[in-house]
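*Asks:* this is a predicted model, with the sequence first.
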There are 2 protein chains.
Amino acid sequence: MQQNLIFTNDVEVAIERLKANMAPNMTVYIADVNTARFVLGQERLVVIPDGDTGKSLTSVCRVWDALEDFGATRHSLVINLGGGMVTDLGGFAAATFKRGMRFINVPTTLLGAVDAAVGGKTGFNYNGLKNEIGAFAPASDVIISTRYFDTLPVEEMKSGFAEVIKHALLSDRNEFLRLLNHDFTAPIKHDDLLERLRRSVQVKVDIVARDPNEQGERKALNLGHTVGHAFESLAMKRGKPVPHGYAVAWGLVTEAVLSHIILKFPSEDVHLLGNFVRDNYHDFPFTCDDYDELLDLMRHDKKSRNGEITCTLLATIGDYHIDQTVTPDDVTAALDILRDHLGV
Amino acid sequence: MQQNLIFTNDVEVAIERLKANMAPNMTVYIADVNTARFVLGQERLVVIPDGDTGKSLTSVCRVWDALEDFGATRHSLVINLGGGMVTDLGGFAAATFKRGMRFINVPTTLLGAVDAAVGGKTGFNYNGLKNEIGAFAPASDVIISTRYFDTLPVEEMKSGFAEVIKHALLSDRNEFLRLLNHDFTAPIKHDDLLERLRRSVQVKVDIVARDPNEQGERKALNLGHTVGHAFESLAMKRGKPVPHGYAVAWGLVTEAVLSHIILKFPSEDVHLLGNFVRDNYHDFPFTCDDYDELLDLMRHDKKSRNGEITCTLLATIGDYHIDQTVTPDDVTAALDILRDHLGV
């Protein structure tokens, strides 16, 4: 997978350079109702509804129809400007229009910048299932900046930061320790955060390069997500959704405990992580009465086989092991310890 | 693009071998109303409407919904059994379900066997435009046989044969001369036809291998199609559709004449081709009053740029040149000569 990454807060300059290079016969922007304001005045702009309900086949058709109406061809360019919803859905629409147009992702959220916009996964929700339809189709270029973050709600920043933590856990203890000092209440230090993003995204890029279609090693990026997705799905089912990154943060602690139980991951690092999550990702909405349902969701995870619960686990920070089977008893014990940590 | 091709009339044996190798957790067959009879009795079968009108987003959704209902996962297998419509549409549905399941194509028409089922183009019609939405997604395996051809209408056989002729024109004069002896009124000689298919498909495979995403050389396969698509579209617009291969056959003669005008393609071969097409692809439904509309359609071909008409042309059989610009006067002259040949 070839994907050119550009880290800059001069987004317009970067876009103009890429366009001068590609010489598309037209450029079409895709944004949602929140991010459209960043590109108003563009000649060709498709605005789709925001949020998970907007990530639908109806929105995909809206993009296809607009591309038709504009007369877009294989020599045209799509620029997806928004969070993960826009880059996932706009990427899918572009990748399938006339069997594939070039597209550039400009993520506007921290979560989008460190995760969704990079690595080539595109798709939309279908029949109530997240990202049920999609394709592996990389953006030709991803422009990563922090300039849209000043107006992001702090919950959005925290949500994205959980993936930044995950990348550090997969790669570099010093970076992990550095991240633990992050203060969400202080104004954003753009230069420093852009450097953190550069390091964080590189972890994903390196792993994806070795396994673009998720046949093996890419599952490393699933760290925190087997348990995290179960939290996210259960909260969704109850009509009280939690931000993705909050679920991942709780999932990371749970899977760090599992890593300790199964691979002797150092308890010191479990505690450091647990304290950071306790301090920043509170309001954990589950009790021990929810364990059975959570375990059931883990057994039905996209990546599980034969009803077994499998996770990516760590022996130490940076030393990850994919396809680790864990027992329901292990998970139950880890959830207890998570709740202890969070004080709930 | 990796695609395993199997030439055999023992289709069931081939399928069982592939399944034994892949060990999918379930197998789902996709067929249309005509080809479903070949796989009745299969536990999981999705039947879609036939023909170009069935090649719709509605049919794609029908496949996605069925895959959901069956509980298909990334470890499941789809087998597309049918003509180009089924392999194109079923391939797209499989390639996008959970971001991609494996699928096998079993073409049941000559056109499907030598063209649609091989090479990774998938898609469906959208807003009245052919194959407007799609993806480059190769079947893992294609089982090519002649066993479904005995009951094909002769028009279907002729339609597919035009692509067989095209492949010979792109590669091998001796094979071209051999094909000119084909007698559509005689019973099918399965062993001989399977050998012709093997040679024909290899031409496409070799070209696609060098340019899977149609950035350059793959346009060679467009031989006969710039003009042929114009015939096909105009006939469609008038509500009197012609078989794809008939339009291609007429397009091949027209582009052979253009090849003679521009690249000195030998007139002897123009005549051999012209006579074969006259004898087998009659009922040409156009007159000189249609030239302007045909030229206009050629200017809007998917592969044209800046309103110029571009074709793949031949200097000799086997020596093809892509991206050749032709003038309206050249095309007009070539259409006159085509009509002379056909005696209309």
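*Replies:* The structure has been received and is ready for your questions. Numbering: from 1, shown residues only, chains lettered A, B, ... in the order given.
*Asks:* how near is the residue most central in space within chain A to chain B?
*Replies:* Centroid-nearest residue in chain A, with C-alpha atoms, centre = their mean: residue A:115, separated by 3.7 Å. Residue A:115 sits 15 Å away from chain B, taking C-beta to the nearest C-beta, to the nearest Å as the criterion. Placement of C-beta: from N, CA and C, glycine included.
*Asks:* which residues touch the residue nearest to that residue when sequence neighbours are not counted?
*Replies:* Leaving out its chain neighbours, the residue that sits closest to residue A:115 by C-beta to C-beta, 6 or more residues apart in numbering or on different chains is residue A:163, at 4.7 Å. The contact partners of residue A:163, taken as C-beta atoms under 8 Å, 6 or more residues apart in numbering or on different chains, are A:111, A:114, A:115, A:200, A:245, A:248.
*Asks:* can you map out the helices along the stretch 151-300 of chain A?
*Replies:* For the stretch 151-300 of chain A, the helices defined by DSSP state H, counting those that start in this stretch occupy A:154-169, A:173-179, A:190-210, A:225-237, A:244-263, A:267-280, A:291-299.
*Asks:* do you know which of these lies nearest residue A:18?
*Replies:* Nearest to residue A:18 among the helices of the stretch 151-300 of chain A is helix A:190-210 (17.6 Å), distances taken as C-beta to C-beta.
*Asks:* chain center to that closest one, what's the gap?
*Replies:* Centre-to-centre, helix A:190-210 and its host chain are 13 Å apart (C-alpha atoms, centre = their mean, to the nearest Å).
*Asks:* contacts for it next, please.
*Replies:* Counting by C-beta under 8 Å, 6+ apart, helix A:190-210 makes contact with A:1, A:3, A:5, A:7, A:9, A:110, A:113-115, A:118-120, A:144-147, A:149, A:163-164, A:167-168, A:170-172, A:175, A:178-179, A:217-218, A:220-221, all of which sit outside it.
*Asks:* what angle separates it from helix A:154-169?
*Replies:* Note on geometry: by axes from the mean of the first three to the mean of the last three C-alpha atoms, to 10 degrees, helix A:190-210 and helix A:154-169 are set 50 degrees apart in direction.
*Asks:* may I have stretch A:240-247 exported as PDB, CA atoms only?
*Replies:* Once non-C-alpha atoms are left out, stretch A:240-247 reads as follows in PDB (Å, rounded to 0.1, in the frame of the first residue of the first chain):
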ATOM      1  CA  LYS A 240     -26.200   5.300  25.700                       C
ATOM      2  CA  PRO A 241     -23.300   5.300  23.200                       C
ATOM      3  CA  VAL A 242     -19.800   6.100  24.500                       C
ATOM      4  CA  PRO A 243     -17.000   7.700  22.400                       C
ATOM      5  CA  HIS A 244     -15.000   5.000  20.600                       C
ATOM      6  CA  GLY A 245     -11.700   6.100  22.300                       C
ATOM      7  CA  TYR A 246     -13.200   5.800  25.700                       C
ATOM      8  CA  ALA A 247     -14.200   2.200  25.000                       C
END
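*Asks:* contacts for it next, please.
*Replies:* Contacts of stretch A:240-247 with the rest of the structure, by C-beta under 8 Å, 6+ apart, involve A:52, A:111, A:155-156, A:158-163, A:228-229, A:231-232, A:235, A:281, A:285.
*Asks:* buried subset of those?
*Replies:* Neighbour-count burial (16 or more other C-beta atoms under 10 Å in any protein chain shown) is assigned, among the contacts of stretch A:240-247, to A:111, A:156, A:158-163, A:228-229, A:231-232, A:235, A:281.
*Asks:* all good on my end, thank you.
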